[in-house]
Each structure stands twice: as C-alpha cells, then as structure tokens.
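Participant: Here's a sequence, model it:
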Amino acid sequence: MVSDSCIKLVRQELERTGFIEVINVSLGEAEIQLDTQVFNLDVVNEILKKNGFELLRDTNKKLVEKIKTTVIQFVFYGNNNTSLIKNSDYLSEKLQQSYQHLSKVFSETTGMTLEKYIILIKAEKIKEMISYDEYTLSEIAYFMGYSSVQYLSNQFKQITGYTVSDYKNLGKKDRKSLNSLLD
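Facilitator: Okay, the predicted model is just below:
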C-alpha cells in the first residue's frame, strides 16, 4: 500500500466481508481480527490479491514492503526536507536497522539495489513536480537532495531517457505507478 487510497480500499474490502473486524490500516500494514471458523488468512490473502495487494508472511518480504513504504513517505511526503537528511540515515532511523542490512535484504529480495529504487522513486516525484510547474529546476534539485541541477538532469536522463527540458515539453507525461517500479 502506497497511498491513502490504498488504505481506504483495503479497509473497505476487508470490512465488506462482515466477518473481519478491521482494527487499523496504515501504509503497508493492516491489523485485523477475524473468526477463524468463518475465515482464515488464505481467504484474507485472496481478498487482498483481488485488489492488487498480498498478505506477506516472509520476514524479508515484510521488511522490503516497510522499506518501500518508508522511501515513498520520505520522497513524496517528506515536507521538502529530503535535501537535509541522507536517505540512509532516514531509513535506518525509521526502521531501526542498519542501512547495510536494509540494502542487502532489499537487493536479495527484489533483484534491484535499494539505491536504484530510491532513484526511481525520486524520478517519479521529479516528474510530478515538473508537471505541476510550481518550482524551478533549482528548487526541485534542492528539495530532492541533489547538489546541482546538472546532477539532477544527468540522473533524470539516465532513468527516463529524457532531459528535464524534453520531459517538461512532452505533451503526454510519462509517469509510472509507484507499485510498478520493481517490475
């Protein structure tokens, strides 16, 4: 789950059964109570899968989902403080584990480095900021933690294939859902 819409959807789908009491739903987690004589976790998993989610039982997969959620919160909802805090420090503090461990588990589980995932998430946020046309490239570079517009532009082109200027001039913006970035 990566947004308030996801939280709402999961809550609605679980409550719709009438047999599952939803105690709390937050990004990446749901706390429920259910009558195991009526429903089991396999049924809950089917409800989640039908809506593009899944029940995670593997500890590494759970950690990866927490990492993804934390990265998205940091990049998209970090109140423009990403330029002041290092990604590794933020993740380590929020998840109470060393960045090296988080990075190793993420890479082994997903086949992508954590650093590359962070860059992909940042690229989507940059696309959003460019589309809204509210900030200069210098401001976007600062907000996103880049040392210069040139560094932002080079990395953006490597990830998207477009220069920042070309992207800005595109008629149809090439944005991706955050869930699809690991596919």
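Participant: From here on, just use CA atoms for contacts and neighbour counts.
Facilitator: Fine.
Participant: tell me the SS of the residue of the chain most remote from its centre?
Facilitator: What lies farthest from the middle of the chain is residue 37; by Cα atoms, centre = their mean that is 35.1 Å. On the three-state scheme (DSSP: H, G, I helix; E, B strand; the rest coil), residue 37 is labelled coil.
Participant: where does the chain dip in pLDDT?
Facilitator: 1-3, 27-28, 56, 79-85, 171-172, 179-183 (pLDDT under 70).
Participant: switch the cut-off to 50
Facilitator: Where the chain drops to pLDDT under 50, the residues are 1.
Participant: What segments of this structure are strands?
Facilitator: Applying DSSP state E to the chain gives strands spanning 20-26, 29-34.
Participant: In the last one, which residues are buried?
Facilitator: Read it as strand 29-34. Residues 29-30 are the ones in strand 29-34 that count as buried (16 or more other Cα atoms under 10 Å).
Participant: So what's the gap between it and the chain middle?
Facilitator: 21 Å (Cα atoms, centre = their mean, to the nearest Å).
Participant: Run the angle between it and strand 20-26 for me.
Facilitator: 170 degrees (axes from the mean of the first three to the mean of the last three Cα atoms, to 10 degrees).
Participant: List the pairing partners of strand 29-34 within its sheet, with orientation.
Facilitator: Paired neighbours of strand 29-34 in the sheet (DSSP bridges): strand 20-26 (antiparallel).
Participant: Centroid-nearest residue for the protein?
Facilitator: residue 72 (3.6 Å).
Participant: now it: how far from residue 6?
Facilitator: 13 Å (Cα to Cα, to the nearest Å).
Participant: Show me the helices in this structure, by range?
Facilitator: All helices of the chain, identified by DSSP state H, fall at 4-16, 41-50, 59-77, 87-95, 99-110, 114-132, 137-143, 149-160, 164-169.
Participant: related to what we said a few turns ago, which one of the strands of the chain lies closest to residue 49?
Facilitator: Between residue 49 and those, the tightest spacing by Cα to Cα is seen for strand 29-34, at 14.1 Å.
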